[in-house]
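coords below, sequence missing:
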């Protein structure tokens, strides 16, 4: 399998190196297991002759040429963490050239993968229109506003869609690398993941901090503050809309546009977050915690924690031991 990593200035150093390391380890073990040639032909290519990482390291790149025909192109993340820095970066000349090259490869049938904020580059190139995707969770509100024709689900860690695949935040680069290895050899992927003490994670949901998402919109932020003061009580869309001096329909639409979910679903996210905090930071029993976040019994809360976080009460408490 021929894999080209597309490098550009200010990319996330760890994203590039963890992908290279995982593929190098895979090649090492593939030759041991089969006695043949390495399974992956890996190269680093760029639209410029000189490329510097975000940490200022020079990245040795091969110039993209018409003869380059990879099976997969991997786009690491930009090193930006806020809308104020990301939006201008997407308009840089080198990034415009990157997007143009990605469109050419896509038209030629090349498979394309991106991790973290790299998914913004794919979306900005128009490649994700009509596709499912994921991205770094804290920029999901911006992603939804910029690319409403993409079916975003930031709770997932990996989202394949046709000839494209996107991965979640930061260390999602490793999840993506393991996924690529698994496409060639599930057995090899298992070996590499065990050596790296890592495995493909199915979800970002356990890592999402709900109030960070709320900061993307003034109305949602006000809703989040109200909700935190009312977690013990029942939820009424009409009541909260009245308190916030808006209509239920407006609040519903803003939540869907910014968060990709209903006000009730976000309210439940906040309950789950607070319950996890109490489980890990207090000696309260499950029934007391359930009452603190508005549930009639511990069984209901236990089920919700499992559904939302994919983990049980004992696992969550063991995290801090």
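Arrived safely, thanks for sending. Fair warning: this is a prediction, and the values are worked out from it, not measured in the lab.

can you pull the contacts of residue 118?
Residue 118 makes contacts with 15, 75-78, 166, as judged by C-beta atoms under 8 Å, 6 or more residues apart in numbering. In short, each C-beta sits where N, CA and C put it, glycine included.

kindly apply the preceding question to residue 129 instead.
Residue 129 makes contact with 123, 147, 149-150, according to C-beta under 8 Å, 6+ apart.

for the stretch 101-250 of the chain, what spans make up the strands?
For the stretch 101-250 of the chain, applying DSSP state E, counting those that start in this stretch gives strands covering 111-115, 132-133, 151-152, 158-161, 164-167.

quick one: mean pLDDT for the longest one?
Across strand 111-115, the average pLDDT comes to 97.

what helices or strands is that strand leaning on?
Packing partners of strand 111-115 (3 or more C-beta pairs under 8 Å, 6 or more residues apart in numbering; DSSP states H and E): strand 72-75, helix 93-107, helix 118-124, strand 164-167, helix 172-184.

still on that earlier bit, make a ChimeraX selection of the buried ones in the contacts of residue 129.
Selection of buried members from these for ChimeraX, criterion 16 or more other C-beta atoms under 10 Å:
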select :123,147,150
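
inside helices: which ones of the contacts of residue 129?
In this view, the contacts of residue 129 that belong to helices under DSSP state H are residue 123.

TSV for the contacts of residue 129, including distance to residue 302?
Shown next, in TSV, are the contacts of residue 129 (distance: C-beta to C-beta, whole Å):
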residue	distance to residue 302
123	37
147	37
149	38
150	34
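
re the thing from before, format the strands of the stretch 101-250 of the chain as CSV; extra columns: distance to residue 100.
Shown next, in CSV, are the strands of the stretch 101-250 of the chain (distance: least, C-beta to C-beta, whole Å):
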stretch, distance to residue 100
strand 111-115, 13
strand 132-133, 20
strand 151-152, 24
strand 158-161, 21
strand 164-167, 17
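
and residue 295, which of these is closest to it?
For those, proximity to residue 295 was assessed by C-beta to C-beta; strand 151-152 is nearest, at 29.0 Å.

which stretches in the stretch 1-150 of the chain count as helices?
Ranges of helices in the stretch 1-150 of the chain, per DSSP state H, counting those that start in this stretch, are 13-34, 83-90, 93-107, 118-124, 140-146.

most tightly packed of the ones you listed?
helix 118-124 (a mean of 26; mean count of other C-beta atoms under 10 Å).

Serialize the helices of the stretch 1-150 of the chain to a markdown table and add fields for distance to residue 238 and mean pLDDT.
Converted to a markdown table, those look like this (distance: least, C-beta to C-beta, whole Å; pLDDT from 0 to 100):
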| stretch | distance to residue 238 | mean pLDDT |
| --- | --- | --- |
| helix 13-34 | 45 | 93 |
| helix 83-90 | 32 | 94 |
| helix 93-107 | 45 | 96 |
| helix 118-124 | 36 | 97 |
| helix 140-146 | 25 | 95 |
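
which residues are contacting stretch 232-247?
Applying C-beta under 8 Å, 6+ apart, the contact partners of stretch 232-247 are 219, 222-223, 226-227, 230, 248, 250-252, 263-264, 267, 291-294.

got the end-to-end distance for it?
23 Å (C-alpha to C-alpha, to the nearest Å).

any buried residues in that stretch, and which?
In terms of neighbour count (16+ other C-beta under 10 Å), stretch 232-247 has its buried residues at 235, 237, 240-241, 244, 246.

format the residues you listed as a markdown table; extra columns: pLDDT.
What follows is the buried residues of stretch 232-247, written out as a markdown table (pLDDT from 0 to 100):
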| residue | pLDDT |
| --- | --- |
| 235 | 90 |
| 237 | 94 |
| 240 | 95 |
| 241 | 95 |
| 244 | 95 |
| 246 | 95 |
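
where do the helices of the stretch 201-321 of the chain begin and end?
For the stretch 201-321 of the chain, the helices defined by DSSP H, counting those that start in this stretch occupy 210-214, 218-228, 237-243, 248-259, 263-281, 286-292, 298-309, 313-318.

closest to residue 157 out of those helices?
helix 298-309 (13.3 Å).
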